[in-house]
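*Asks:* starting from these lines, generate the structure:
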Amino acid sequence: MNAINTKAPFPEGFVRNSAAYILGCQLPDGSIPWFDGGYADPWDHVEAAMGLSIAGEYAAAERAYGWLAETQLQDGSWWAAYQAGAVHNRERRESNFVAYVATGVWQHFLISGNRAFLRDYWPTVERAIDFVLALQTEHGEIHWAVDSDGVAKEDALITGCASIYKSLECAINIAHTLGQPRPHWGRARAALGTALRERPQRFDRTWESKARFSMDWFYPVLTGVFSGTAARARLQKKWDEFVVAGLGCRCVNDEPWVTVAESCELTMALVAAGERSRAEKLYRGLHRWQDSDGGYWTGYVYRDSAIWPEEKTTWTVGAMLLAADALARLTPACDLFTSVALRSDAAQDAEGADHLHQLELGGSQR
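*Replies:* The predicted structure follows:
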């Protein structure tokens, strides 16, 4: 096992080896499956592509976004999963999966400075966001998916909607940068933020509560729904429920299973909440799960002292790179998940309440 540099929160060669693992799984068409021989889904594909951008593998990252543009459906969405050049899962199209392309495209632009790339993928982003916002209700939340016939599955997920909240921030920034204002996107984002903060009854209405999942706990902090004091209070409230000292973050509160990707995302949420030392301590412990090929095991069942599942997912490696960027400030996109930076003007975010909330609390995030 490589020793971790006392200054950098990762081992020597970490960025290079991590990128090499993702590159080794990327297919010629640009898609990035979970692992060699596995399937790709739009959200995790983008997570891995963002890791490539951090590592300076711009051409490979752009091939990944090229695959998304080529497979995007006419209504702006993608199916749940793809494998070997074909659709693997036609049962649904998930709103947070579709929205995430905006986060990836914006992150790649921030890192590469490639304005032509941003212009080229604007139509892809616009169609995706319009699909997602067509699923928003009058109460602000966004339905989690449509079925194979395009009929909305009428309920909402806290984690999924929180992810969309960050994607809308990125989409608004893309629109603003390209001089293509979409003020209704700002209004939709504000309504979504209000629902996430003030209307918990609008989520998990038709199924058992997802509160046992750690992502419901920290994602609203990771994506900027809660900031400053409110963010710190939220993380502290369930810290002992989800965090296993010396190991990482549980995926769910009732299983003895810590997962690397959730631990990375919690790392970034901690940075966003101003808890940098706690974030660094958590993150440094995750490198024990790296294999010799640069990949990271998905999770560890500490009750059985066993790696499980025996998979090294590309999106886990992508999350490791994103957390490294947040801690070590490797790229110009290092603050993507640790602060809110809307480039919109007052007219674009017309009602202003949500925008003011972020501006007022943003200074206490770091």
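*Asks:* tell me which helix or strand of the chain sits lowest on mean pLDDT?
*Replies:* Averaged element by element with mean pLDDT, DSSP states H and E, the chain has its least confident helix or strand at helix 353-362 (a mean of 36).
*Asks:* and residue 341, how far from residue 122?
*Replies:* Counting by C-beta to C-beta, to the nearest Å, the gap between residue 341 and residue 122 amounts to 19 Å. For the C-beta atoms, the positions are set from N, CA and C on the backbone; glycine is no exception.
*Asks:* ah, wrong one, I meant residue 25
*Replies:* Relative to residue 122, residue 25 is positioned 28 Å away (criterion: C-beta to C-beta).
*Asks:* count the residues that sit near residue 146.
*Replies:* Neighbours of residue 146 under the rule other C-beta atoms under 10 Å: 21.
*Asks:* in the sheet, who's paired with it?
*Replies:* Partner residues in beta bridges with residue 146, using DSSP bridges, are residue 93, residue 152.
*Asks:* so it makes contact with residue 93?
*Replies:* Yes: here residue 146 lies in contact with residue 93, judged by C-beta atoms under 8 Å, at a distance of 5.3 Å.
*Asks:* next one: the closest residue to residue 65 other than its chain neighbours from residue 106, what distance?
*Replies:* In space, residue 65 comes closest to residue 121 once its chain neighbours are excluded; the distance is 5.9 Å by C-beta to C-beta, 6 or more residues apart in numbering. To residue 106, residue 121 is 10 Å away according to C-beta to C-beta.
*Asks:* would you map the helices across the chain?
*Replies:* When secondary structure is read from DSSP state H, the chain shows helices at 14-25, 42-54, 58-71, 95-112, 115-133, 158-177, 183-198, 214-222, 228-237, 239-242, 260-272, 276-284, 314-328, 353-362.
*Asks:* any low-confidence regions in the protein?
*Replies:* Applying pLDDT under 70 to the chain flags the ranges 1-6, 344-366.
*Asks:* let me know the outermost residue of it.
*Replies:* Among the residues of the chain, the one whose C-alpha is farthest from the average of all C-alpha positions is residue 304, by C-alpha atoms, centre = their mean at 29.6 Å.
*Asks:* spit out the contact partners of that one.
*Replies:* For residue 304, the contacting residues are residue 256, taking C-beta atoms under 8 Å, 6 or more residues apart in numbering as the criterion.
*Asks:* got it, and residue 182?
*Replies:* Residue 182 makes contacts with 126, 129, 171, 172, 175, 348, as judged by C-beta under 8 Å, 6+ apart.
*Asks:* now do residue 137
*Replies:* The contact partners of residue 137, taken as C-beta under 8 Å, 6+ apart, are 143, 156, 202.
*Asks:* what's around the first one, how many residues?
*Replies:* The reference is to residue 143. Counted with other C-beta under 10 Å, the burial measure for residue 143 works out to 21 neighbours.
*Asks:* just residue 29 next, same as before
*Replies:* Once other C-beta under 10 Å is used to define contacts, residue 29 is seen to have 15 neighbours.
*Asks:* who are the neighbours in contact with it?
*Replies:* 67, 70, 85.
*Asks:* restricted to buried residues, select these in PyMOL.
*Replies:* Selecting the buried subset of the contacts of residue 29 in PyMOL, with 16 or more other C-beta atoms under 10 Å as the burial test, is done by:
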select buried, resi 67
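*Asks:* for the contacts of residue 29, which one is nearest residue 18?
*Replies:* Checking these against residue 18 by C-beta to C-beta gives residue 67 as the nearest, at 20.3 Å.
*Asks:* surely that closest one touches residue 26?
*Replies:* No: if you go by C-beta under 8 Å, residue 67 and residue 26 don't touch, sitting 9.2 Å apart.
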